[in-house]
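Student: can't give you the sequence, but here's the structure:
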């Protein structure tokens, strides 16, 4: 979870960005390196530190030295700033542990890709993934009963973002009595020579998916 809102403290114009800027500067003892970590310009970082000092009404950084050093008040404030940020980060981690991502699918999940991907996601985010077997993933996604739908084929959906995951290999199961059994591979274009029956009611493949393949 990315916290983008500014945290304001009652009675003063102190914001979360001030604390992060100050702790980064105290850690690196360099405006250049701190600005790089925060992905801001050095002048912008300098203005943020000045705003923080003006808000508190006390000097936190000693500018008489060639190197960045903290004043005694700066050292004391650093302790409090780190504690506030640490508590906030811990609160965010605790809340992420309560999040659940609902993953809907209408066909057998690819193994072991699905299991490994879900495990990596849960480790990286502290969130949980629940699987939902649904007959109509797109409709279920549109009604917000699931958060993500795994689908086959090339689709253009309104109100949703589509991300191709991988190309799936298709396997033909052929009777040993068939003349095709001796073949090591069969091109998809060859199937037009034989009648094809598709279960569009309870099956996991539709004529559209076959055409896309």
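Tutor: Happy to help now that I have it. Bear in mind the structure is a predicted one, so any value in this text is a computation, not a measurement.
Student: I'd say residue 128 and residue 122 touch.
Tutor: Yes - if you go by CB atoms under 8 Å, residue 128 and residue 122 touch, sitting 6.3 Å apart. Yep, even glycine has a C-beta here, placed from its N, CA and C like the rest.
Student: give me the number of residues near residue 76?
Tutor: Taking other CB atoms under 10 Å as the neighbour definition, residue 76 ends up with a count of 13.
Student: just the pLDDT for it.
Tutor: Model confidence at residue 76, expressed as pLDDT, equals 95.
Student: what do you get for the one 4 residues further on?
Tutor: Residue 80 is assigned a pLDDT of 93 by the prediction.
Student: from the contact counts, what lies against the helix or strand hosting residue 75?
Tutor: Taking DSSP states H and E as the criterion, residue 75 maps to helix 72-96. Contact here means 3 or more CB pairs under 8 Å, 6 or more residues apart in numbering; DSSP states H and E; on that basis helix 72-96 packs against helix 16-28.
Student: name the residues of the next helix or strand after the helix it packs on that come out as buried.
Tutor: Later in the chain than helix 16-28, the nearest helix or strand by DSSP H and E is helix 31-38. Of the residues in helix 31-38, those scored as buried under the neighbour-count criterion (16 or more other CB atoms under 10 Å) are 31, 34-35, 38.
Student: point out where the protein drops to low pLDDT.
Tutor: Low-confidence segments of the chain, defined by pLDDT under 70: 1-12, 65, 96-98, 198-213.
Student: got the domain ranges for it?
Tutor: Here the domain assignment for the chain is 16-93, 98-150, 179-209, based on the TED database.
Student: could those domains go into a markdown table alongside distance to residue 168?
Tutor: Written out in a markdown table, the entries for those read as follows (distance: least, CB to CB, whole Å):
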| stretch | distance to residue 168 |
| --- | --- |
| domain 16-93 | 35 |
| domain 98-150 | 7 |
| domain 179-209 | 11 |
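Student: which among these is found nearest to residue 170?
Tutor: Ranking the domains of the chain by their distance to residue 170 (criterion: CB to CB) puts domain 179-209 first, at 7.5 Å.
Student: so where do the helices sit in the chain?
Tutor: When assigned using DSSP state H, the helices of the chain occupy the ranges 16-28, 31-38, 42-56, 72-96, 113-125, 137-142, 207-212.
Student: count the residues that sit near the residue lying closest to residue 149 once chain neighbours are set aside.
Tutor: Counting by CB to CB, 6 or more residues apart in numbering, the nearest residue to residue 149 once its immediate chain neighbours are dropped is residue 137, at 3.7 Å. Residues lying near residue 137 (other CB under 10 Å) number 22.
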